[in-house]
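Colleague: What shape does this take:
(one chain, ligands or ions: 1)
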Amino acid sequence: MQLIIKNLNKQYGNGVHALNNVDLTIDKGMFGLLGPNGAGKSSLMRTLATLQNADSGTATLGDIDVLNNKDEVRKVLGYLPQEFGVYPRTSATDLLHHLAILKGFDKSNERKEMVNYLLQKVNLFEHRKKAVSSYSGGMRQRFGIAQCLIGSPKLVIVDEPTAGLDPGERNRFYNILSEIGEQTIVILSTHIVQDVRELCTNMAIMDKGKVLYSGTTDEALLQIKDRVYEKSVNKDELPQYQSEFKVISNKLVGGKPQIHVYSETPLNSGFTQAEETLEDVFFAKLNELV
Ligand SMILES: Nc1ncnc2c1ncn2[C@@H]1O[C@H](COP(=O)(O)OP(=O)(O)OP(=O)(O)O)[C@@H](O)[C@H]1O
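Modeller: As a prediction, the model looks like this:
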């Protein structure tokens, strides 16, 4: 099954063009949608999750018309929104039962089996009787995944899921997601490059409503291969470097700015060639250097 998005457009009342002719083809597996704040990721995710309408364009999931056949999409969709809203004082087990009933699982034996399976899958079985409102951030996100998976969805959308998770929880979350990605289409929307690097073979980079790159992570890296140089500089030299070179990014390393520069010809004068990273591709695309 494929998700095919063509010429998708969305302009809000305030004039912001949040989706600008978005074209994407997404296969089974983990797909990373990378973009800075305001890029349009949530607008795209909400549209695919049938929560808002696009102005024009098409999206099809297998033979389902996503934009016009919302009920059919909802039957095969798992969605973990950026903000899950209020967490009730209900136990995880009871809440999953409740959500499963809403999704039409009315046979209590089957439902019980599914709820227990999901709790085990996200490593919350031993905490199943605790109120979801008492869960830590990571446990909440894992609960979010469990509710996403009710009814074996064919399309799973997770919007910025790892923000605020500590490294241990993030790893646990990654493992669960990549297991899901073996069977279904999973779209992971994030501004965290590491999420995409670790989990996804296919990805897109979005900014200001436009898709700047779509393809494999490896092909993305090839676009800047052997053309990234780095150098530690003084803070007051930064503007000069920025005007003379194609600066991809600058960040502090040990309190001193380290710049990454894109160059098609070898650079001397203190620059050393750096191994290109997905973060370099991300910033090079955002800064329109490649
Ligand atoms: N309901 C809305 N009304 C008006 N403008 C909106 C609305 N929702 C989003 N926007 C604007 O549309 C643009 C895209 O926002 P969106 O939330 O889709 O981006 P994002 O990539 O998900 O960013 P973030 O990571 O900050 O959520 C932004 O400029 C945002 O301010």
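Colleague: which residues are contacting the lowest-mean-pLDDT helix or strand in the chain?
Modeller: Least confident helix or strand, the chain: helix 167-181 with a mean of 86, by mean pLDDT, DSSP states H and E. With contacts defined as CB atoms under 8 Å, 6 or more residues apart in numbering, helix 167-181 is touched by 28-30, 121-123, 136-139, 141-142, 145, 149, 156, 158, 161-162, 165, 186, 188, 195, 198-199. C-beta: built from backbone N, CA, C; applies to glycine.
Colleague: 7 Å instead, please
Modeller: 29-30, 121-123, 138, 141-142, 145, 149, 156, 161-162, 165, 186, 188, 198-199 (CB atoms under 7 Å, 6 or more residues apart in numbering).
Colleague: again, but for stretch 46-66
Modeller: 1, 3-11, 19, 67, 70, 72-74, 77, 79, 154-155, 157.
Colleague: Now do it: distance from first to last residue.
Modeller: 12 Å (CA to CA, to the nearest Å).
Colleague: how far out from the middle of the chain is it?
Modeller: 18 Å (CA atoms, centre = their mean, to the nearest Å).
Colleague: quick one, phi psi at the residue nearest to residue 38 when sequence neighbours are not counted?
Modeller: Nearest residue to residue 38, sequence neighbours excluded (CB to CB, 6 or more residues apart in numbering): residue 208, at 7.6 Å. When quoted as degrees, to the nearest 10, the phi and psi of residue 208 stand at phi 50, psi 40.
Colleague: Against residue 215, how distant is residue 208?
Modeller: 20 Å (CB to CB, to the nearest Å).
Colleague: Pull out the buried positions in stretch 61-77.
Modeller: By neighbour count on 16 or more other CB atoms under 10 Å, the buried set for stretch 61-77 is 61, 64, 66, 67, 70, 72, 73, 76, 77.
Colleague: Show the residue spans covered by the strands in the stretch 1-150 of the chain.
Modeller: Using DSSP state E, counting those that start in this stretch, the strands of the stretch 1-150 of the chain run over 3-11, 17-26, 29-34, 56-61, 64-65, 77-80.
Colleague: Out of these, which is the most enclosed?
Modeller: strand 29-34 (a mean of 25; mean count of other CB atoms under 10 Å).
Colleague: Does anything pack onto that one? Which helices or strands?
Modeller: Contacts defined by 3 or more CB pairs under 7 Å, 6 or more residues apart in numbering; DSSP states H and E place strand 29-34 against helix 167-181, strand 185-190, helix 193-199, strand 202-207.
Colleague: Below-threshold pLDDT in the stretch 1-150 of the chain: ranges please.
Modeller: 84-86 (pLDDT under 70).
Colleague: Close to the ligand: what parts of it are there?
Modeller: 12, 14, 16, 18, 35, 37, 38, 39, 40, 41, 42, 43 (CB under 6 Å from any ligand atom).
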